[in-house]
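Chemist: What follows is a predicted protein model with its sequence.
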Amino acid sequence: MATLHVNIVSAEQSIFSGDAEMVVVPGESGELGILPLHTPLLTRIRPGTVKVKLAGGNEELVFVSGGILEVQPKALTILANTSIRAKDLDEAKVMQAKQAAEEALANRQSGQERAVVQAELSQLAAQLAAIRKLRK
Amino acid sequence: MAGSKEIRNKIKSVENTRKITKAMEMVAASKMRKAQERMRASRPYSEKIRSVAANLSHANPDYKHVFLQKRDVVRNVGVIMVTSDKGLCGGLNTNAMRMMVTKIKKWEGADAKVQATAIGNKGLGFLMRYGIPVTSQVIGLGDKPHLEKMIGPVKLQLDQFADGKIDALYLCYTKFINTMKQEAMCEQLLPLSGDKLGAPDSSWDYLYEPDAKAVLDELLERYIESIVYSAVAENIASEQSARMVAMKSASDNAKKVIGDLKLTYNKARQAAITKELSEIVGGAAAV
């Protein structure tokens, strides 16, 4: 049986690479089952699980938090997002980055003072992250 | 034996410094290996997304995304400056800043206003001292950069480009060439030139869901993000290898200083003994 070369990559790492008989992907307008020799297709995908049916009958499940699916007759690529993306979430991140810059500017005193505060802040952030990790 | 105690103390303190620089060198060496792996791991994604975007813009010549439109007059320039968070890494950040200064002078000479996004603490400090308005920043990325942290600052610049508040966007970072060599780079992100996307390697006519425009929009945004992410990953690899080299030469220098000090110490010791001997001999002769 013909196989499909599957590549699942994210910006930070390559998640899966191999040959498969069939791939089930949560497309934006519904679940898609892709078999070899599928017509070229390009679509966005929703956050969900990608099911890769390997040649030997095994299955591989990969969670993706959205991204883009590209299908060519003999190859399939999923460009996975590293995190869940939504317009509001992205906007919030923009605001955050902006605010950080504004605050830094407002609190701009001597360079030394700023460096001290920044060091403290990063320490606090690290502590917070550690606490969160412990709580999980 | 005047001053011999001082020399001994000095030797001890230099030895301690050497221990620290040696430890930093070894830490940087092991981090560098991981950073290089991470840098390589980001390549398949940006390669793939680039080829898909090239295919797509080739297949849809009638739709020109705002990121691909070239502007005639460049009045406002945006820069994303990637630097390290910490120092003690040789000339890495200094070189990046020096290049930044020449670029800023060039843009200001062409009557363009510059505004910047700082990724990394050192660049942030530099931009503030230099008086460049910083519109967004992200610091404290650590050794393992996450794309998530960069979404906000990058999107801000992309939005500003789409709104026409800036006419060009540049990315400055330190390119990793090899362990001994890193180079400060400044490349244009927006408007994306067709050359950078390259020629499509195959011409498919895709089916699009929901439609070509929406997919292309998202692709291009992700593409820019992936470029920035790889630049950050590369910058970290550069930082670690620059630190390793800097700390190695610091350790070597400390070794040399210790050798010199030991020589001085021994000379002083011998001079003291000779003096004492000649005093004894002189004393005996007098008797």
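Modeler: Thanks, I have the structure now. Residues are numbered from 1 along each chain as shown, chains lettered A, B, ... in the order given.

Chemist: tally of neighbours for the one residue in the stretch 51-200 of chain B that gets nearest to chain A?
Modeler: Residue nearest to chain A within the stretch 51-200 of chain B (C-beta to the nearest C-beta): B:G152, separated by 3.2 Å. Quick note: C-beta positions are derived from backbone N, CA and C, even for glycine. For B:G152, the neighbour count with other C-beta atoms under 10 Å in any protein chain shown is 24.

Chemist: Sticking with it, tell me its helix or strand.
Modeler: Taking DSSP states H and E as the definition, B:G152 sits inside helix B:147-162.

Chemist: quick one: the lengthiest helix in chain B to helix B:147-162, angle?
Modeler: The longest helix of chain B (DSSP state H) is helix B:212-286. With axes from the mean of the first three to the mean of the last three C-alpha atoms, to 10 degrees applied, the angle from helix B:212-286 to helix B:147-162 works out at 120 degrees.

Chemist: Report pLDDT for the residue nearest to B:I132 when sequence neighbours are not counted.
Modeler: Leaving aside its sequence neighbours, B:I132 sits nearest to B:A116 (C-beta to C-beta, 6 or more residues apart in numbering or on different chains; 5.0 Å). Predicted confidence (pLDDT) for B:A116: 93.

Chemist: what does B:A96 give?
Modeler: pLDDT, B:A96: 94.

Chemist: Contacts only, for it.
Modeler: Neighbouring residues of B:A96 by C-beta atoms under 8 Å, 6 or more residues apart in numbering or on different chains: B:81-83, B:123, B:172-174, B:184.

Chemist: try 6 Å
Modeler: Neighbouring residues of B:A96 by C-beta atoms under 6 Å, 6 or more residues apart in numbering or on different chains: B:83, B:174, B:184.

Chemist: Checking the second one next. Helix, strand or coil?
Modeler: In this case it means B:T174. The three-state label given to B:T174 by DSSP: H, G, I helix; E, B strand; the rest coil is strand.

Chemist: hang on, it packs against B:A184?
Modeler: Yes: contact criterion C-beta atoms under 6 Å: B:T174 and B:A184 qualify, at 5.4 Å.

Chemist: So which of the two has more stuff around it?
Modeler: Neighbours around B:T174 and B:A184, counted as other C-beta under 10 Å, are more numerous at B:T174. The numbers are 27 against 21.

Chemist: mind checking pLDDT for the more buried one?
Modeler: B:T174 is given a pLDDT of 94.

Chemist: Please pull up the helix or strand immediately following the strand or helix carrying B:R38.
Modeler: Taking DSSP H and E as the criterion, the element that holds B:R38 is helix B:4-41. For helix B:4-41, the following helix or strand on the C-terminal side (DSSP H and E) is helix B:43-59.

Chemist: Packing partners of that next one?
Modeler: Here helix B:43-59 touches strand A:4-10, helix B:212-286, going by 3 or more C-beta pairs under 6 Å, 6 or more residues apart in numbering or on different chains; DSSP states H and E.

Chemist: export these to TSV and tack on distance to B:H65, mean neighbour count and mean pLDDT?
Modeler: Shown next, in TSV, are the helices and strands packed on helix B:43-59 (distance: least, C-beta to C-beta, whole Å; neighbours: other C-beta atoms under 10 Å in any protein chain shown; pLDDT from 0 to 100):
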stretch	distance to B:H65	mean neighbour count	mean pLDDT
strand A:4-10	23	22	90
helix B:212-286	6	18	92
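
Chemist: distance of the residue in chain A that chain B sits nearest to from B:E239?
Modeler: Across chain A, no residue is closer to chain B than A:K93, which sits at 3.2 Å (C-beta to the nearest C-beta). A:K93 sits 24 Å away from B:E239 when distances are taken as C-beta to C-beta, to the nearest Å.

Chemist: For the stretch 51-200 of chain B, what lies in contact range of chain A?
Modeler: Residues of the stretch 51-200 of chain B lying close to chain A (C-beta under 6 Å from any C-beta of the partner chain) are B:52, B:134-137, B:140, B:147-148, B:151-153, B:155-156.

Chemist: Any chance of JSON lines for those residues, columns pLDDT?
Modeler: Listed next are these as JSON lines, based on pLDDT from 0 to 100:
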{"residue": "B:V52", "pLDDT": "81"}
{"residue": "B:V134", "pLDDT": "90"}
{"residue": "B:T135", "pLDDT": "90"}
{"residue": "B:S136", "pLDDT": "89"}
{"residue": "B:Q137", "pLDDT": "88"}
{"residue": "B:G140", "pLDDT": "87"}
{"residue": "B:L147", "pLDDT": "86"}
{"residue": "B:E148", "pLDDT": "84"}
{"residue": "B:I151", "pLDDT": "87"}
{"residue": "B:G152", "pLDDT": "87"}
{"residue": "B:P153", "pLDDT": "89"}
{"residue": "B:K155", "pLDDT": "90"}
{"residue": "B:L156", "pLDDT": "90"}
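
Chemist: Can you go through those and name the buried ones?
Modeler: Among those, those classed as buried by 16 or more other C-beta atoms under 10 Å in any protein chain shown are B:52, B:134-137, B:147-148, B:151-153, B:155-156.

Chemist: Flag the shaky bits of chain A, pLDDT-wise.
Modeler: Filtered on pLDDT under 70, chain A yields the residue ranges A:1, A:83-86, A:88, A:107-114, A:136.

Chemist: All the helices of it, residue numbers only.
Modeler: Ranges of helices within chain A are A:87-106, A:111-135, based on DSSP H.

Chemist: circling back to that earlier point, can you give me the offset of the longest helix of chain B from its chain's centre?
Modeler: Here helix B:212-286 shows a centroid-to-chain-centroid distance of 19 Å under the convention C-alpha atoms, centre = their mean, to the nearest Å.

Chemist: follow-up on the earlier one: give me the nearest residue to the residue of the stretch 51-200 of chain B closest to chain A, chain neighbours excluded.
Modeler: A:K93 (3.2 Å).

Chemist: ok, now B:A268?
Modeler: Of all residues not flanking B:A268 in the chain, B:S4 sits nearest, at 5.3 Å (C-beta to C-beta, 6+ apart).

Chemist: Assign B:D85 to one of the three secondary structure states.
Modeler: coil.
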